[in-house]
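Visitor: Next input, structure requested:
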Amino acid sequence: MGQMIGTKEGLSDHMKRNTRTDPMLHQRNSKASYLAVVCLLALLLSAALYHQRIDSLKTAITDQETVILGLQEQLQRALEDLESLQRDLEERNGSAGDKNTVATYGLVRVSDIDPSIVIDLKYATKDNFTGMRVYPDNAVALLRKDTALKLKNANEASKKDGYRIKVLDAYRPQYIQYVFWYFVPNPNFVSDPLRGSKHNRGASVDVTLVDKDGNEIEMGTAFDDFTEEAAYDYPRHTETALKNMKYLRDVMEGAGFKGISTEWWHFDDADWENYDLINVGFDAFW
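Guide: Okay, here's the model as predicted:
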């Protein structure tokens, strides 16, 4: 047998040495405990900072919503003031009571030219990109007489295939252009109010198509979607939307209109340059 520990004292000393705590092991355990405490404190601090950041963001969002609501109220009041000023100017000029719209402004009611055309002026409601009613709620769809006759021809063509034209916007007073420019100062979608829009000439119309039941058919986007997807040639339109947009464009261009690249719904009278800008409120046509 190998060498053995021969005495009780030797055996006792050997056992004490084996059972005594290893200083290195104790040091490692202390470091591990310290690191665990540090990590826990870091996590608690991160959580506290995260919640503080979330609270700050919530406060900032609430503040921004309050500012936006305030701006909308101010804008609505400014719009009402503009309409009031416009009425005063017209009354002074003796034009507000003149209902002979063709003779005075060269504009006619679309419904007088073709009652089967559907009228849904989006800016007389809150269902538009501003989120507010920009036109008076009893605004009427107006166009230059020749432009309205072209729209009638487009509607007659679409009716042969079971559709009808739906007008979303037509004539627009030039002063309204400043409201639109306030929200979207981007000439790709809103004309600079200083230059005026073809809508301000009564020579542009925003339209879509409805089926025999009056339901809008599928197009590339909703009306007033000011993104790249609103473009007629956007590459990821569905086959149905692309077919419908092409049909609408063919019908409108066949009647004497021209589409634009950024908005599938917008069409200009090809003869728009023959018409001057108009800046008269809708109340002149009631």
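
Visitor: now the strands: where do they sit in the stretch 101-250 of the chain?
Guide: 107-109, 118-119, 142-144, 164-169, 204-210 (DSSP state E, counting those that start in this stretch).

Visitor: leaving aside the residues next to it on the chain, what's closest to residue 148?
Guide: Computed as C-beta to C-beta, 6 or more residues apart in numbering, the closest residue to residue 148 that is not its neighbour in sequence is residue 113, at 4.3 Å. Bear in mind the C-beta positions are built from the backbone N, C-alpha and C, glycine included.

Visitor: list the contacts for that neighbour?
Guide: Residue 113 makes contact with 145, 148-149, 151-152, according to C-beta atoms under 8 Å, 6 or more residues apart in numbering.

Visitor: Tell me the buried residues within those.
Guide: Taking 16 or more other C-beta atoms under 10 Å as the criterion, what is buried in these is 148, 151-152.

Visitor: Identify, from those, the entry nearest to residue 238.
Guide: For the buried ones among the contacts of residue 113, the minimum distance to residue 238 (C-beta to C-beta) is 26.8 Å, reached by residue 151.

Visitor: Spit out the contact partners of the closest residue to residue 253 other than its chain neighbours.
Guide: Once flanking residues are discounted, residue 253 sits nearest to residue 259: 6.6 Å by C-beta to C-beta, 6+ apart. Contacts of residue 259 were listed using C-beta under 8 Å, 6+ apart, and they are 232, 249, 252-253, 266-267.

Visitor: Now do the buried residues in stretch 254-262.
Guide: Residues of stretch 254-262 classed as buried: 255-260, 262 (neighbour count, 16+ other C-beta under 10 Å).

Visitor: and the gap between residue 76 and residue 136?
Guide: Relative to residue 136, residue 76 is positioned 12 Å away (criterion: C-beta to C-beta, to the nearest Å).

Visitor: can you redo the buried ones among the contacts of residue 113 as TSV with distance to residue 282?
Guide: Conversion of these to TSV gives the following (distance: C-beta to C-beta, whole Å):
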residue	distance to residue 282
148	16
151	19
152	21
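
Visitor: got those as TSV, with pLDDT and distance to residue 279 columns?
Guide: Below are the buried ones among the contacts of residue 113 laid out as TSV (pLDDT from 0 to 100; distance: C-beta to C-beta, whole Å):
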residue	pLDDT	distance to residue 279
148	98	20
151	98	22
152	98	26
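
Visitor: if you look at the residues you listed, which of them are in helices?
Guide: Per DSSP state H, helices hold the following members of the buried ones among the contacts of residue 113: 148, 151-152.

Visitor: Of those, which is the nearest to residue 196?
Guide: Among those, residue 148 lies closest to residue 196 (C-beta to C-beta), at 19.8 Å.

Visitor: Please name the residues that touch that closest one.
Guide: Each residue near residue 148 by C-beta under 8 Å, 6+ apart is listed here: 108, 110, 113-114.

Visitor: hmm, 7 Å instead?
Guide: For residue 148, the contacting residues are 108, 110, 113, by C-beta atoms under 7 Å, 6 or more residues apart in numbering.

Visitor: any idea how far it lies from residue 182?
Guide: Taking C-beta to C-beta as the measure, residue 148 falls 29 Å from residue 182.

Visitor: most neighbours per residue, which of the strands of the stretch 101-250 of the chain?
Guide: For the strands of the stretch 101-250 of the chain, ranked by mean neighbour count under the definition mean count of other C-beta atoms under 10 Å, the leader is strand 142-144 at a mean of 26.

Visitor: From the contact counts, what lies against that one?
Guide: The contact analysis (3 or more C-beta pairs under 7 Å, 6 or more residues apart in numbering; DSSP states H and E) places strand 142-144 against strand 107-109.

Visitor: what does the average pLDDT come to for the strand it packs on?
Guide: With pLDDT averaged residue by residue, strand 107-109 scores 95.

Visitor: do the same with stretch 226-238
Guide: Averaged over stretch 226-238, pLDDT sits at 93.
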